[in-house]
Structures are given as C-alpha cells and as structure tokens.
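Enquirer: Have a look at this prediction, sequence included:
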Amino acid sequence: MELLHQIINFLVETIGHLGYFGIFALMFLESSFFPFPSEVVMIPAGYLAFKGEMNIYVIILVGTLGSLFGGLFNYYLSKTLGRKLLLKYGYYVWFDEEKLNKMEKFFQTHGEISTFNGRLIPVVRQYISLPAGLSNMNLAKFSIYTSLGAGIWVTILALLGYFLGSNQELIKEYLHIITYATLATIVVITMLYIKLKKNS
C-alpha cells in the first residue's frame, strides 16, 4: 500500500509538472506499446482538477486523445507488419493462415462493436487495436469507436479522482464496482447487438 501511495504521488507530481502533455503522453503509452493501468494516470489527473490545478474537461479531452493516438499507433503497426509476422511466426503459437483469415473476417463484420467494447475491458483495451489493423478496419470507424470507448473510461477515471480525491481505499472500492458494472453493461450491449444482427 505504501508503494502504491508512492507511485500515485510520483504520478501526481509528474502530471502536475508536465501538465496536459504529460497526460497525453502517458495515455498514449498506456494504449500502445507500453501498456499499464490507465487508472494510475487519469485518477491522479482528476485529483489535480479537484485541487484547481487543472481543468477536468481538458483532462478528459487530452486523455481520450492520448488513448486514440496510442490505439492508432498499434493499428498502423499491426496493419503494416502484423500479417507478415503472423504468417511467418504464427505456427510457433498454433496460429495459422486459416485462423488469421477467420479473425479478419470476424473483425471486418463486427469491428465497430468489438472496438467499442474492447476499449472498456481491462487488459483487452490496450490490444484491441491490433486485430483492427490486421483486418484493415475502416480508419474513420476505428477512430470513432476507439474514441467513444476510451472517452467513457477516461471520464469515469477522471471523475473518480475528482470526487474521491486521495482516498485510495474508497477509489479502489468504487473502481471494482464500476469495472463489474461496465462488464455487465458490455454483456447487455453485445446481446442487443447480436439480436439486432439476427433481425436485420
């Protein structure tokens, strides 16, 4: 717990020093090649807004943009190198061209809902851009649904920091509740999506 406090204090100081650029840069990294929990960026940023040192609306905007650009980095990396690498080395992890084609076909059909939901799921949110790039998902759609999903999560975290301040125990408790509620919402959204697809 002491280590957690030290990390959060360090991030508060770092973000406070670098300002909005620090939030953008950290969220870019969080969504790309150096994934770490976005909670350790956006919650301290929200706390700085509570203290009057930053603007909560700008924090949410910059955090969302950082997530989007980090996702775009993975998207282009996967689009330009992913297929080639998977076809060359995929057999080491039992991933052949047939499985790759099935994954691409699935994502081309259900890319929008997969991207949106993926941005709200822990761990998955950092990697959902990879199949999007592999399947050559429409860039505008990818950007829109990535921004929507990331924006919702960034807003939740920033508001947690804003309203709960430095109360780490309360933040942890609420974060667990919100995570489970988000996962339940994703299940409902997915079921509605499947039903609409069947009826269309």
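Expert: Cool, the structure landed.
Enquirer: so what's residue 90 scoring on pLDDT?
Expert: pLDDT, residue 90: 54.
Enquirer: any residues touching stretch 102-120, and which ones?
Expert: 67, 71, 124-125, 127-129, 131-132, 134-138, 141-142, 145-146, 148-150, 152-153, 182, 185-186, 189-190, 193 (C-beta atoms under 8 Å, 6 or more residues apart in numbering). Backbone N, C-alpha and C define where each C-beta goes, glycine included.
Enquirer: hmm, 7 Å instead?
Expert: Under the contact criterion C-beta atoms under 7 Å, 6 or more residues apart in numbering, stretch 102-120 has outside partners 124-125, 128, 131-132, 134-135, 137, 141-142, 145-146, 148-150, 152-153, 182, 186, 189-190, 193.
Enquirer: Buried subset of these, written for PyMOL?
Expert: Per 16 or more other C-beta atoms under 10 Å, the buried members of the contacts of stretch 102-120 correspond to this PyMOL selection:
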select buried, resi 125+128+131+132+134+135+137+142+145+146+148+149+150+152+153+182+186+193
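Enquirer: Do a quick rundown of the helices in the protein.
Expert: Remark: helices assigned in the chain by DSSP state H are 2-18, 20-31, 39-50, 56-77, 83-89, 97-118, 124-127, 129-134, 139-164, 168-199.
Enquirer: which residues of the protein score low on pLDDT?
Expert: 1-12, 15-16, 33, 35-36, 85-100, 166, 168, 200 (pLDDT under 70).
Enquirer: if you set the cut-off to 80 instead, what comes out?
Expert: Applying pLDDT under 80 to the chain picks out residues 1-17, 33-37, 40, 81-108, 122-123, 165-173, 197-200.
Enquirer: Looking at the helices of the chain, which one is packed in the most?
Expert: With neighbours taken as mean count of other C-beta atoms under 10 Å, these reach their highest mean count in helix 39-50, at a mean of 25.
Enquirer: what helices or strands is it leaning on?
Expert: Helix 39-50 sits against helix 2-18, helix 20-31, helix 56-77, helix 139-164, with contacts defined as 3 or more C-beta pairs under 7 Å, 6 or more residues apart in numbering; DSSP states H and E.
Enquirer: Can you name every helix or strand that the longest one contacts?
Expert: If I follow you right, that is helix 139-164. helix 39-50, helix 56-77, helix 97-118, helix 168-199.
Enquirer: Could you do the second one as well?
Expert: Where contact means 3+ C-beta pairs under 7 Å, 6+ apart, helix 20-31 is packed against helix 2-18, helix 39-50, helix 56-77.
Enquirer: who's in contact with that helix?
Expert: So helix 20-31 is in contact with 14-15, 36, 38, 41, 45, 58-59, 62-63, 65-67, 69-71, 126, going by C-beta under 7 Å, 6+ apart.
Enquirer: Report the distance from that helix to the chain centre.
Expert: Centroid separation between helix 20-31 and its chain, computed with C-alpha atoms, centre = their mean, to the nearest Å, is 12 Å.
Enquirer: so how far is residue 50 from the nearest residue to residue 171 once chain neighbours are set aside?
Expert: Distances taken as C-beta to C-beta, 6 or more residues apart in numbering place residue 164 nearest to residue 171, at 5.0 Å, with adjacent residues excluded. If you measure residue 164 against residue 50 using C-beta to C-beta, to the nearest Å, the figure is 9 Å.
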